[in-house]
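S.K.: need a structure here:
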Amino acid sequence: MPQLSFQNKALNCPLPDGHFIEKKGFDFKFAPALCRTCKGFCCRGEPGDIWISPREIEAVCAFLKINIIDSFDIYFDRVDNWISIRDAFSGGEYRFLDHKGRCSIYPVRPKQCRTFPFWESFKYRKKEDLAHQCPGIVFL
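M.R.: Predicted structure coming up:
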């Protein structure tokens, strides 16, 4: 694929490798290479639940080499009949961000994280809001 010179004007971030992910029904593309230019904006700010399945919990615990029983209450919350990753701080910062703002469980991150930014709620948000939340979002 040829090098692209398009930039996300909101944050003035160049697209280093020109690779995009698209999903039908969304008016933007996603440039995953730009995650390297970000400090984890998608994992900070207003508290929100990051849902995780039992199978994903097993994968996270195996990846971190921790015992699921001993560490469940440290890393996870029960919300009604669901399980969510516990926030690290009251401000809503994601539990598994490292000191550089990178996901420390990236290879085994939950589906909710793997499908970002292609969430149904993002179809209806203002472009300016999305551009400031994620430097990898590029509008069509």
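
S.K.: where exactly do the strands run in the chain?
M.R.: Using DSSP state E, the strands of the chain run over 7-8, 13-14, 28-30, 76-79, 82-85, 137-139.

S.K.: show me what the fifth one is packed against.
M.R.: I take that to be strand 82-85. strand 76-79 (3 or more Cβ pairs under 8 Å, 6 or more residues apart in numbering; DSSP states H and E). For every residue, glycine as well, the C-beta is placed using N, CA and C.

S.K.: and with 10 Å instead?
M.R.: helix 54-64, strand 76-79, helix 111-114 (3 or more Cβ pairs under 10 Å, 6 or more residues apart in numbering; DSSP states H and E).

S.K.: to Asp70, which of the ones you listed lies closest?
M.R.: helix 54-64 (9.5 Å; Cβ to Cβ).

S.K.: and the closest one, what's its mean pLDDT?
M.R.: Over the span of helix 54-64, the pLDDT mean works out to 96.

S.K.: repeat for stretch 133-140
M.R.: Stretch 133-140 shows a mean pLDDT of 85.

S.K.: restricting to C-alpha, output that stretch in PDB.
M.R.: The C-alpha atoms that make up stretch 133-140 are tabulated as PDB, following Å, rounded to 0.1, in the frame of the first residue of the first chain:
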ATOM      1  CA  GLN A 133     -10.600  10.900  22.000                       C
ATOM      2  CA  CYS A 134      -8.600   9.000  19.500                       C
ATOM      3  CA  PRO A 135      -5.800  10.300  17.100                       C
ATOM      4  CA  GLY A 136      -6.300   7.200  15.000                       C
ATOM      5  CA  ILE A 137      -9.800   8.100  13.900                       C
ATOM      6  CA  VAL A 138      -9.700   9.600  10.300                       C
ATOM      7  CA  PHE A 139     -12.900  10.900   8.800                       C
ATOM      8  CA  LEU A 140     -14.000   9.900   5.300                       C
END
